[in-house]
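> Just to be clear, the model below is a prediction. Sequence and coordinates:
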Amino acid sequence: MSKKADIDSLGPIQKSLIDLSNPHNQSFDSVLRGFSLSKILSDIILVEYTDFGDNNGTTILRNGIAIPLNATTQAWRIGKVVLAGESVNLVKKGDYICFPNNMGVQISNLQVDEHGKIDKGVFLNEQRIFGVVKPINESK
C-alpha cells in the first residue's frame, strides 16, 4: 500500500506567521471593500488566475477543454503574480506560476494599486508554489 505524499510532512518549512495552508472558512472578499491593496508582507504572494475557461469563473481550461471548477477541487492552477512580499525569493511580479487549487485564501473583486481590479485570485505562501511556468506561443 503506497503512502500519499504530503508537502507538510517534509519538515518545518513554515516561513511566516501567516499560514495559508488551510483555506477552509477563510474569506477575504469584503475585508478591503473601499480600499486598494498596495503591499503584501512576509512570504505571501497575490496571484491572479489566468486559466479560467469562461467569464464567470466556473470552468478552467486544460488543453483547450473547459472543465467545471467544482469537479476539479484537486486541480493544478496557473496564475500570474501580482504582488509579492519582501521575504519572497523565488518569484517576482509578472511571473506565471503553477500551484494546487486547494491552498491559499481565495479573493475576488480586489482592487490593487498599479494593477487594477482582480476578478478572481488567491493569496498563497511562497512554499506552496510548485513551479514557474511560461506561456507557449502556439501560433508558430
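Happy to help now that I have it.

> give me the number of residues near N109?
13 (other CB atoms under 10 Å). From N, CA and C alone the C-beta is placed, and that goes for glycine too.

> quick one, phi/psi of it?
When read as degrees, to the nearest 10, the backbone of N109 gives phi 50, psi 50.

> From G131, how far out is it?
28 Å (CB to CB, to the nearest Å).

> what residue ranges in the chain score low on pLDDT?
1-29, 55, 72-73, 138-140 (pLDDT under 70).

> Show me where it has its helices.
Here the chain has no helices by DSSP state H.

> now the strands for it?
Ranges of strands within the chain are 44-49, 59-62, 65-68, 76-84, 96-100, 105-112, 116-125, 131-133, based on DSSP state E.

> Tell me which of these sits most buried.
Mean neighbour count (mean count of other CB atoms under 10 Å) peaks for strand 44-49 among the strands of the chain, with a mean of 24.

> Turn the strands of the chain into TSV, including distance to R33.
Shown next, in TSV, are these (distance: least, CB to CB, whole Å):
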stretch	distance to R33
strand 44-49	17
strand 59-62	27
strand 65-68	29
strand 76-84	18
strand 96-100	26
strand 105-112	8
strand 116-125	12
strand 131-133	32
